[in-house]
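Q: Sequence first, then the predicted structure, then my questions.
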Amino acid sequence: MKKLSGPEHLLVTQTELLRDIFIADLAIAGVRQLEIAKVVRVNRNRVNRIAKSLKKRKKGNTGDN
């Protein structure tokens, strides 16, 4: 496996972060996890992990604003 240089590594990291943000946005919008996995082209486990995290935050929100 080829080791990525600084700029290449940064690009890969940014791409993965954008995918996670997109997954979170779609989950918040109520899109089904299977559909999110198809659109974003990622493993359903990744979508599930992010969606669960969002649900926990929503449940645990105490309205401290």
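A: Noted; the coordinates are in hand.

Q: Go ahead and flag the most central residue of the protein.
A: residue 20 (2.3 Å; C-alpha atoms, centre = their mean).

Q: Excluding covalently adjacent residues, which one is nearest to that residue?
A: Spatial nearest neighbour of residue 20, excluding adjacent residues (C-beta to C-beta, 6 or more residues apart in numbering): residue 50 at 6.1 Å. All C-beta spots, glycine's among them, are computed from the backbone N, C-alpha and C.

Q: residues of the helix or strand hosting residue 9 that come out buried?
A: Assessed by DSSP states H and E, residue 9 sits inside helix 6-28. Buried residues in helix 6-28, counted by 16 or more other C-beta atoms under 10 Å: 19, 20, 23, 24, 26, 27.

Q: what about the closest residue to the last one other than its chain neighbours, helix or strand, and which?
A: In space, residue 27 comes closest to residue 51 once its chain neighbours are excluded; the distance is 4.4 Å by C-beta to C-beta, 6+ apart. Taking DSSP H and E as the criterion, residue 51 maps to helix 44-60.

Q: which parts of that helix are buried?
A: Going by 16+ other C-beta under 10 Å, helix 44-60 has these buried residues: 46, 47, 50, 51.

Q: and it, average pLDDT?
A: Mean per-residue pLDDT for helix 44-60: 89.

Q: packing partners for it?
A: Applying 3 or more C-beta pairs under 8 Å, 6 or more residues apart in numbering; DSSP states H and E, one finds that helix 44-60 contacts helix 6-28, helix 33-40.

Q: okay, the ones you listed in CSV with mean pLDDT and distance to residue 59 next?
A: As requested, the helices and strands packed on helix 44-60 are exported to CSV (pLDDT from 0 to 100; distance: least, C-beta to C-beta, whole Å):
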stretch, mean pLDDT, distance to residue 59
helix 6-28, 95, 14
helix 33-40, 97, 18
